[in-house]
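Peer 1: Everything below, folded, please.
(chains A, B and C, ligands or ions: 2)
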Amino acid sequence: MTPLLQVRDLVVEFRFRRATIRAVDGLDLDLDASGTLGIVGESGSGKSMASLAIMRLLPQPAGRVAQGSIIFEGRDLLALKASAMPAIRGRDIAMIFQEPMSALNPVMRVGDQITEALHLHERIGSAQAHARVMEMLELVGIPAPAERAYAYSHQLSGGMRQRVMIAMALICRPKLLIADEPTTALDVTIQSQVLDLLKRLRRTLGTATLIISHDMGVIADVAERVVVMYGGRVMETADRATLFRDPRHPYTRGLLAAIPRLRDHRRRLHQIPGSVRPAGPPRPGCPFAPRCDLARPVCAEQDPPRIVLGEGHIAACWAVAEAVS
Amino acid sequence: MLRTIGQRLADSVPTLLLVVTLVFLALRLLPGDPALVALGENATPDQLDLFRHRMGLDIPLWRQYLVFLKDLATLNFGTSFMNQIPILDLLAASLPYTLALTAAATAVGVALGVPLGVLAATRRGRTADTVARLLALLGFTVPDFYLAALLLIWLALGWGWFPINGLGESLPDQLYHLVLPAVTLGVVKAAFISRLTRSALLDVLGRDYVRTAWAKGAQAGRVIYRHALRNALLPVATGLSVSILSTLSGSVAIELIFGRPGLGSLLIGAIETRDYPVIQADLVVFAVLVVAVNLAMDLLAVAIDPRLRT
Amino acid sequence: MTATAVLLRRPVGTLAAIVLVLLVLVAIFAPALSPYDPLTQSVMQANLAPSAAHWFGTDQFGRDVFSRVLTGTRSSLLLGTISPAIAAIAGCALGILGGYFGGVTDRVVGRAIDLLLCFPELLLGILVSAALGPGFWELVAALGLAFLPRFARIARASTLSVRREPYIEASLSVGCRHALVIWRHVLPNVSGPIMVVLTLWVATAIRLEATLSFLGLGTQAPAPSWGNIIRDGLNNLFGSPWPIISAGIAISVTVLAFNLFGDAVRDLLDVELDE
Ligand SMILES: Nc1ncnc2c1ncn2[C@@H]1O[C@H](COP(=O)(O)OP(=O)(O)OP(=O)(O)O)[C@@H](O)[C@H]1O
Ligand SMILES: [Mg+2]
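Peer 2: Numbers count the residues shown, from 1 in each chain, chains lettered A, B, ... in the order given. Ligands and ions are numbered 1, 2, ... in the order given. Modelled structure (predicted):
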């Protein structure tokens, strides 16, 4: 199977007059057509910047891709002219965002916003477009779609807004959907509804999905393969089953221990000590070292090696390297 | 939508009452004695008394106020001291010209200011931005009446491109006479509007829904004009009412320069001849226009932003 | 940071400050600097173009325009600084009163401010000078009243934000009088933002004074002011454009200098205002 998306050694930086901030540092991603890949990591680990880099929508003027390649269907998106991107965005790669409230245009009816997405990529009559939009709204589980299409975003609930966003993203049947924390801003019950919707749509439409979350539970629910990020770097990569059964990187273990479990509620929830260091200039060593229980002097000085632990299971850690050898 | 409009209309009634009351009180409670201001230092006590009686200034304030409101409600403004012409006629003869000038200047200001602001925001730091910045500096620095006088000297007097003053006869001629005054006020206004548009648009361009528009695959033009600008126009509409009002009052000086009739000319003439009832009536009309412009811009904001509708 | 470093980093603001100092000197020494008496008429010398003898030419009465413009600096600067200063003091008092005591007081003050803010400054200026008649202090009152609501609004907003600080309650609970609390805690917080906008409002006041004088409501003839020089010039358009041009340049340069200086002050104090 040819991979749909192949990101290699992606480096995203923000360049300011005095300083350079490296938000993503050497990210590799592989996603097959109709597969699901999850990126998990705490706030500030570079998840959003990585996904925006794929869309070539990094915050301007400071943000830029300093290095790496993003191969989508055999083409390097980074090598394309900027004018070629609008044809790809929305049609081949679509994206939904964390805040459905602010991500929808407040002065346009939501139906018009979805229709616009359709008209941007397909020559289609307005009656036909309308039918497609209604069909899509129904598909994402919006009751009375004909009425809701006339609403403005402030008249909808958070869950409805995110459904509208999903409808807008999928209306052109993209090959890849990037969902950047699609449920973070929603209530818990709505969260699971939206996640179920995403899973169902992936099954029915066959859209490959890159799902981003800081919530291991969400990732466990949706993703087949998982990339654990911290400080802009990949800490560990594995398929879902392996990652949850046999996490090797201390950071992954910390994240998993922090998931509340219904059954053993007596156990105290584990917390990773310290807090995330904001992205700064590129520096050597493991970014997690200051918070790591197993840190040793070398961790702060040299980049950890990538240890292959099995089929598609990689961890970048000195402690793991020692344990293996 | 209709309910919102009704609501806003109803809200502006007390404001209207307050602003005309403000004019009423200003002319009576400020230390200046209207009779003395009107008749000058040399007036005899008898003349002063007669004046006060004719103006109804010799009755208690609260009764004056009731009379004032009643006259206002019945559009009974009295007659001019100078020439005994009914003041309503004087106002009716002036108002259209002031409105035309203000409207034309606003059109020029918006037509010039909004595109310039968009260019300045989307080409930050480049030529368009610099031009907009310089224009803004010009607009904040050079008084409109000086700009008008300069244009008059160069374009009308020097090169003979435009008539020097007056109104013109036929409609095209009238429009021709309107060009210089409207451009003068419009350029000053454009300076303000372009700054406003620039900062509002810069703010909006960083919003999430603009990123969504890019993510859909929209081209730059569509993102800017269809998604960002409409949202940016909301603060612009609010600022526009300030701008229209300052044009309205600025038109006082411009009318004087180009020898045009209007509320401003009428007011200044009345102040010079101390025509007290005309002054009061003219100021009341200005006050009403202030409320009307604020209301209109409020409604424009409602039209732009569905969140403001109830 | 040394003084020179500050100056070098803000060349525009420094230049503006130099221009302002020169203007003040001109205003003070106007009589000594004027080559002619600004009021002396001379029919034989009417409507002269600029020359070595009359740098800015003469007007229709043969008065030396250069001398008139120099003298006009006085009323512009005097009115342009006194009126905003008075407006600032009165506006602060009003704004603090409303913001500090809240309740009905604040509702009245707030409503009054909103009401006055509806009116453009020029219209308020015209309104007041129409009621008061001509004269120096009348003009100060007219200009001052035009700016008062703007200062009051800023003062009220700053007061409201300090009022919520816990140390105000603490001071009151240990028995401090309101007057002392206002003096010690509120005033210092209000004066910062006011100082920042003050220079910018001076620029506007100077423009407004010129406009009112141009309309015949400000400085009264024959005393020269930039506004009424332009008004006189307008009646003499076919005679000579130079009075208009020179007085207008004087206004523009002064307003520009105050604007740029005000911007520099604002940047320097780095205060963010929602103006
Ligand atoms: N516009 C910007 N300018 C400078 N640095 C930025 C900018 N946007 C993001 N960053 C930096 O990039 C790093 C990665 O940010 P990113 O938004 O990708 O994190 P994230 O993993 O998506 O976190 P979250 O869970 O909060 O969304 C952060 O440390 C942040 O400080
Ligand atoms: Mg994010």
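Peer 1: For residue C:142, give its distance to residue C:220.
Peer 2: 13 Å (CB to CB, to the nearest Å). Backbone N, C-alpha and C define where each C-beta goes, glycine included.
Peer 1: err, residue C:232, not the other one
Peer 2: 12 Å.
Peer 1: So which of these two has more stuff around it?
Peer 2: residue C:232 (22 against 14; other CB atoms under 10 Å in any protein chain shown).
Peer 1: ok, now how distant is the nearest residue to the more buried one once chain neighbours are set aside from residue A:211?
Peer 2: With sequence-adjacent residues excluded and distances taken as CB to CB, 6 or more residues apart in numbering or on different chains, residue C:232 is closest to residue C:59, at 6.0 Å. Noted for residue C:59: a distance of 79 Å to residue A:211, by CB to CB.
Peer 1: With residue B:43 instead?
Peer 2: Counting by CB to CB - residue B:43 and residue A:211 are separated by 87 Å.
Peer 1: Over to residue B:3?
Peer 2: As for residue B:3, its distance to residue A:211 is 43 Å (criterion: CB to CB).
Peer 1: So between the two, which is more surrounded?
Peer 2: Ranked by neighbour count (other CB under 10 Å), residue B:3 and residue A:211 place residue A:211 first, with 28 against 9.
Peer 1: my read: the more buried one touches residue A:199, true?
Peer 2: No: with contact defined as CB atoms under 8 Å, residue A:211 does not count as touching residue A:199 (10.0 Å).
Peer 1: For these two, list the residues in contact with both.
Peer 2: The contact sets of residue A:211 and residue A:199 overlap at residue A:222 (CB atoms under 8 Å, 6 or more residues apart in numbering or on different chains).
Peer 1: so what's the residue most central in space within chain A up against?
Peer 2: What sits nearest the mean C-alpha location of chain A, by CA atoms, centre = their mean, is residue A:212, with 2.8 Å. Contacts here follow CB under 8 Å, 6+ apart; on that basis residue A:212 touches A:38, A:39, A:40, A:47, A:48, A:51, A:178, A:179, A:180, A:181.
Peer 1: How about the secondary structure of it?
Peer 2: strand (DSSP: H, G, I helix; E, B strand; the rest coil).
Peer 1: any idea how far it lies from residue C:193?
Peer 2: For residue A:212, the distance to residue C:193 - CB to CB - is 42 Å.
Peer 1: same thing with residue C:89?
Peer 2: Taken as CB to CB, the spacing of residue C:89 relative to residue C:193 amounts to 15 Å.
Peer 1: who's more crowded, the two?
Peer 2: Neighbours per residue (other CB under 10 Å) separate residue C:89 from residue C:193, with residue C:193 holding more: 21 against 14.
Peer 1: in what helix or strand does that one lie?
Peer 2: helix C:187-214 (DSSP states H and E).
Peer 1: How about stretch C:95-108 and chain B, touching?
Peer 2: No: using CB under 8 Å from any CB of the partner chain, stretch C:95-108 stays clear of chain B, coming no nearer than 11.8 Å.
Peer 1: From the contact counts, what lies against the helix holding residue C:193?
Peer 2: Packing partners of helix C:187-214 (3 or more CB pairs under 8 Å, 6 or more residues apart in numbering or on different chains; DSSP states H and E): helix B:144-151, helix B:229-257, helix C:65-101, helix C:121-132, helix C:136-163, helix C:226-234, helix C:242-269.
Peer 1: Residue ranges in the stretch 1-150 of chain B under the pLDDT threshold?
Peer 2: Applying pLDDT under 70 to the stretch 1-150 of chain B flags residues B:32.
Peer 1: quick check: mean pLDDT across stretch A:164-171?
Peer 2: Average pLDDT, stretch A:164-171: 89.
Peer 1: same thing with stretch A:204-224?
Peer 2: Stretch A:204-224 carries an average pLDDT of 87.
Peer 1: And it, end to end?
Peer 2: 17 Å (CA to CA, to the nearest Å).
Peer 1: Before we move on, what's the pLDDT of residue C:4?
Peer 2: For residue C:4, pLDDT reads 64.
Peer 1: Apologies, that question was intended for residue A:263.
Peer 2: We have a pLDDT of 54 for residue A:263.
Peer 1: can you check residue C:269 too?
Peer 2: 69.
Peer 1: buried ones in the worst-scoring helix or strand of chain A on mean pLDDT?
Peer 2: Across the helices and strands of chain A, mean confidence by mean pLDDT, DSSP states H and E is lowest for helix A:318-324: a mean of 80. Going by neighbour count (16 or more other CB atoms under 10 Å in any protein chain shown), the buried part of helix A:318-324 is A:318, A:319, A:320.
Peer 1: what residue of the chain is the furthest out?
Peer 2: This is for chain A. residue A:127 (34.4 Å).
Peer 1: if you could check chain C rather than the one you did, that'd help
Peer 2: Most peripheral residue of chain C (CA atoms, centre = their mean): residue C:174, 41.6 Å.
Peer 1: From residue C:167, how far off is it?
Peer 2: Taken as CB to CB, the span from residue C:174 to residue C:167 is 10 Å.
Peer 1: Also residue C:47?
Peer 2: Distance from residue C:47 to residue C:167, by CB to CB: 67 Å.
Peer 1: Kindly report the same for residue C:213.
Peer 2: 48 Å.
Peer 1: how about the helices in the stretch 201-310 of chain B?
Peer 2: B:208-216, B:220-222, B:229-257, B:263-272, B:276-304 (DSSP state H, counting those that start in this stretch).
Peer 1: Could you save these as JSON lines and add columns showing mean neighbour count, mean pLDDT and distance to ligand 1?
Peer 2: Compiled in JSON lines, the helices of the stretch 201-310 of chain B are given as follows (neighbours: other CB atoms under 10 Å in any protein chain shown; pLDDT from 0 to 100; distance: least, CB to the nearest ligand atom, whole Å):
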{"stretch": "helix B:208-216", "mean neighbour count": "23", "mean pLDDT": "92", "distance to ligand 1": "12"}
{"stretch": "helix B:220-222", "mean neighbour count": "13", "mean pLDDT": "89", "distance to ligand 1": "20"}
{"stretch": "helix B:229-257", "mean neighbour count": "23", "mean pLDDT": "88", "distance to ligand 1": "20"}
{"stretch": "helix B:263-272", "mean neighbour count": "23", "mean pLDDT": "88", "distance to ligand 1": "50"}
{"stretch": "helix B:276-304", "mean neighbour count": "21", "mean pLDDT": "89", "distance to ligand 1": "29"}
